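Asks: what's the 3D shape of this:
(chains A and B)
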Amino acid sequence: MSRVPFYLLVGALLVIGIILTIFRHFHYDVPFMPGEQRQIWEVEAQVNFDAENGPVRIDLALPSNQPGFRLLTENTASSGFGLSYLRDDKARHAQWAIRQANGPQQLYYSAQLLVTDGEEEFLAEPPALQRDIGWERPYDTAAREVIDQAHERSADAFTFTRELIKEFTDQRQGENARLLLSQYERPVLLTRLLNQANVHARIVNGLRLEDGRRRQSLTPWLQVFENEKWVLINPRTGEQGKPDDLLLWERHGNAVLEVQGGSDSRVSFSMLRHNEPASVAVRNQFADDTLLNFSIHSLPIEEQALFKTILLIPIGALVVVLLRVLVGLETSGTFMPVLIALAFIQTTLITGLVGFLLVVAVGLVIRSYLSRLNLLLVARVSAVIITVIAIISLFSVMAYRFGLNAGLTITFFPMIILSWTIERMSILWEEEGPKEVLKQGFGSLLTAVLAYLAMNNPWVRHITFNFLGVQLILMAMILLLGNYTGYRLLELRRFQPLAKDD
Amino acid sequence: MWATPARLQAKGVIGMNRRNIRYIGRYNDRRLYPLVDDKLQTKLLAKHHGITTPDLIGTVSTQFDVKHVVEMVKDAPGFVIKPAKGSGGKGILVVERQQDGGYVKPSGARIERVDLERHVSNILSGLYSLGGTPDVAVIESLIAFDEVFAAYTYEGVPDIRVIIFRGYPVMAMMRLSTAASDGKANLHQGAVGVGLDITTGAALRGVQFNRPREDHPDTGHGLASLYVPGWDALLHLAASCYEMTGLGYLGTDMVLDRHHGPMLLELNARPGLAIQMANGEGLRRRLDLIEKQAETRSVEARVAFAQRHFAREGELASSA
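Replies: Sure thing, here's the model as predicted:
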């Protein structure tokens, strides 16, 4: 059996991988290091609606330059629709139109935004006060009382708004506030109240930018004006000022999406951050996609965000192969640690470790009771799955109650995998004793932590996402490791008595 | 504490990676695995080849039949229930005798009818099988192990593992269960491994938890006097498993029955490496020698070849 084809394959993978990587580095100016760069957000809006077999017109509000963000390029994808960018009263929007359409439709708009230091204020004209605000019978008194209360405790429009929001937050929510909230949505209600109190205010829509997020929606913010100045106030918490990661998508108080001739319309957002060298960041780099520029960046952003995680899995697999083939570490379930490591990326390490140990420990206790019930295997594992879900829900609620928001991320754990882990550990406990459980549990956790450290490393993330050739190199490395016939590290200890001279 | 790779290499010690790629991967055709991974198939095959195995009392293959187990074992004084596709001794339940409608394990622990049925039901669900696939429970009569070994075991049946490489017996050891191993014959759980001379079947050296051992930890009996009677017959039986299965790198687990002599307990297509510890010797030199043998030989010739080349002096003090 000749090993030549094997080495040829490994060699070919290595060569192609390295060439692709170098080509991308030099030709497309993608750096090997993630630092010293400009951040670019790529945001994609996806409009969905059902056309009603006739002419359709869609208006989507578009973002424009603002402190913190500069619009670089924008693209749309909409087959068969006519498109024009419109600008009225400084507000921009895209208008799609078609004479005849039926059934579900999808339109895409994507924008590249450069992150700037942007301290400069932009001017905004205060909206006209709505004079004729009508309240129905019980609500008018409630509104007046809430306004009076907030008015007493405040000095200007901004503090007034803050006090007003406080009236509606959980701790101080009075009877009046509850009554009003039962009739109106919070942001709408707040603008109405502000307008009634002669404060110029309107709702603007912002997008929280978080790397790799998909299916996000806009959140309403209050823009409150006084004496040529304005501030942004979070209607949920009363916090003042614009967070750095907030992109104001629509800031003129207009509707974000208007559809005529369609129903069930909604818009959702995906976003992705990547780093570009400052020189490249300015010009649009991905306009000319050739086959050689084989890059995930040519995919829609939603898929790109998905790939950012998927492309890390080979790194996790490599860690597992290294630890098993070269070290000889025992784990419970071969690739279970990789899945746990993926969960750690979402939860952060300490929270993840604590959460994992809690879930598995409580799961083992409950599983030991289940084993006394004499159940069929599939039913028992299913019962364990439900138990795991119950534990996770319970911990989430408890963590939230104690104000530990980190505890909520426990839901990122792969529950089926956890259930099998508990089942296997439990059998191991019954058959081989707690020592073996600790050994394998420790092996699994150590592997998971190492895989996490490798996968969460900024440089590794940068390399795997930006250089697809690296995947081929990883493949070649794993193939080579699969061919390793030498000793494992732990065997050097296991067979140590054999090395002695007789 | 740690050995250098070069030192182990010089001693001919084989590691897991080498075993997997160089021997199992090369000499064991995956197609043949079911023959040994399914104990029921092994049993039927062995019967066909005239190799003795413990008596089959019956099999249970559907949950519906689980309640017939009690009836099945009614007349057997002692019996063993094992999953057909189990591995590493998992899921094997040994019942030494029946008493007042209950069952007594070798440890003296008593289990009830429901426990017995649950165990069978677990086996059928695939709890112990490779990959968790549905399985069949095999019920065999208990082996009446030879009394010469009574002083060397605690609760369990001492079994003899012989590694058969391309039909040649290359290395052998006996596994003695101890209190520490809870009556199980797995070395990593604390059973004593005793290396056996291929030529004579006499004990070479004992190992427990990777440390040399001169006597059985529970019975205190010296290991030096341990030898396997009818050794040649046992080796013949083990070596003929090569023709039976076609697997080139095979672990055969044998027992000596008081009435029926050597019996095949089960076969293993991925035998462990602890046998090197028990023998105090690496497998490499012996495997290399067998690999150089080009001609096909009969079972007798292969056993004779192995006995001629793999003779060893015992390391145990015979005074014990």
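Asks: if I look at the residue of the stretch 251-400 of chain A at minimum distance from chain B, how far off is B:Leu35?
Replies: The nearest approach of the stretch 251-400 of chain A to chain B comes at A:Leu377, 3.3 Å away (C-beta to the nearest C-beta). All C-beta atoms are positioned from the backbone trio N, CA, C, and that covers glycine. For A:Leu377, the distance to B:Leu35 (C-beta to C-beta, to the nearest Å) stands at 26 Å.
Asks: Need the residue in chain B that's farthest from the chain's center.
Replies: The outermost residue of chain B, judged against the average C-alpha position, is B:Asp100 (32.3 Å), by C-alpha atoms, centre = their mean.
Asks: Break down chain B into its helices, ranges please.
Replies: Secondary structure of chain B (DSSP state H): helices at B:5-10, B:16-18, B:25-27, B:33-37, B:39-48, B:69-72, B:113-125, B:231-239, B:241-245, B:274-279, B:284-291, B:299-309.
Asks: Would you quantify the distance from the nearest residue to B:Gly248 once chain neighbours are set aside to chain A?
Replies: Closest residue to B:Gly248 apart from its sequence neighbours, by C-beta to C-beta, 6 or more residues apart in numbering or on different chains: B:Tyr27 at 2.7 Å. B:Tyr27 is 11 Å from chain A, where distance means C-beta to the nearest C-beta, to the nearest Å.
Asks: quick one, what contacts B:Tyr27?
Replies: Applying C-beta atoms under 8 Å, 6 or more residues apart in numbering or on different chains, we find B:Tyr27 in contact with B:165-166, B:247-249.
Asks: just to revisit the earlier point, read off the pLDDT value for the residue farthest from the centre of chain B.
Replies: Note on B:Asp100: pLDDT of 83.
Asks: now it: how far from B:Arg113?
Replies: From B:Asp100 across to B:Arg113, the span is 11 Å (C-beta to C-beta).
Asks: check which helix or strand covers A:Ile147.
Replies: Assigned by DSSP states H and E, A:Ile147 belongs to helix A:137-152.
Asks: Equivalent analysis for A:Met475, please.
Replies: Assessed by DSSP H and E, A:Met475 sits inside helix A:469-481.
Asks: Spatially central residue for chain A, please.
Replies: Nearest to the mean C-alpha position of chain A, by C-alpha atoms, centre = their mean, lies A:Arg213 at 3.0 Å.
Asks: Return the residues in contact with whichever residue of the stretch 201-320 of chain B sits closest to chain A.
Replies: Nearest to chain A in the stretch 201-320 of chain B, going by C-beta to the nearest C-beta, is B:Asn210, at a distance of 5.8 Å. Counting by C-beta under 8 Å, 6+ apart, B:Asn210 touches A:494, A:497, B:277.
Asks: Kindly report the same for B:Gly101.
Replies: B:Gly101 touches B:112-113, counting by C-beta under 8 Å, 6+ apart.
Asks: Next: B:Ala179.
Replies: Applying C-beta under 8 Å, 6+ apart to B:Ala179 gives the contacts B:154-155, B:217-218.
Asks: By neighbour count, which of those wins?
Replies: Greatest neighbour count in those, by other C-beta atoms under 10 Å in any protein chain shown, goes to B:Tyr154: 21 neighbours.
Asks: Write out the residues of the stretch 1-150 of chain B neighbouring chain A.
Replies: Contact residues, the stretch 1-150 of chain B versus chain A (C-beta under 8 Å from any C-beta of the partner chain): B:1-5, B:7-8, B:11, B:13, B:15-18, B:21-22, B:26, B:63, B:90, B:114, B:118, B:121-122, B:125-127, B:132.
Asks: From what I see, A:Leu364 and A:Ile427 are in contact.
Replies: No. Checked against C-beta atoms under 8 Å, the pair A:Leu364 and A:Ile427 is beyond contact range at 10.9 Å.
Asks: Helix or strand with the lowest mean pLDDT in chain A?
Replies: The weakest-scoring helix or strand in chain A, judged by mean pLDDT, DSSP states H and E, is helix A:278-282 (a mean of 48).
Asks: Run through the stretch 301-450 of chain A and note the low-pLDDT ranges.
Replies: A:405-408 (pLDDT under 70).
Asks: ugh, wrong one, I meant chain B
Replies: For chain B, the stretches with pLDDT under 70 are B:88, B:130-132, B:183, B:317-320.
Asks: Run a quick neighbour tally on A:Leu322.
Replies: By other C-beta under 10 Å, 18 other residues sit near A:Leu322.
Asks: Hmm, A:Tyr484 and it touching each other?
Replies: No. Checked against C-beta under 8 Å, the pair A:Leu322 and A:Tyr484 is beyond contact range at 10.2 Å.
Asks: what separates the residue nearest the centre of chain B from B:Pro271, distance-wise?
Replies: In chain B, the residue lying closest to the centroid (C-alpha atoms, centre = their mean) is B:Asp253, at 2.8 Å. Distance, B:Asp253 to B:Pro271, using C-beta to C-beta: 9 Å.
Asks: so what's in contact with those two at the same time?
Replies: B:Arg161.
Asks: For stretch A:401-414, measure first residue to last.
Replies: 23 Å (C-alpha to C-alpha, to the nearest Å).
Asks: is it true that A:Met477 touches A:Leu318?
Replies: Yes. Look at A:Met477 against A:Leu318 with C-beta under 8 Å: they come within range, at 6.5 Å.
Asks: Find the nearest non-adjacent residue to the residue in the stretch 51-200 of chain B that chain A sits nearest to, please.
Replies: Closest to chain A within the stretch 51-200 of chain B is B:Ser125: 3.3 Å, counting by C-beta to the nearest C-beta. Distance criterion C-beta to C-beta, 6+ apart; nearest residue to B:Ser125, sequence neighbours excluded, is A:Leu377 at 3.3 Å.
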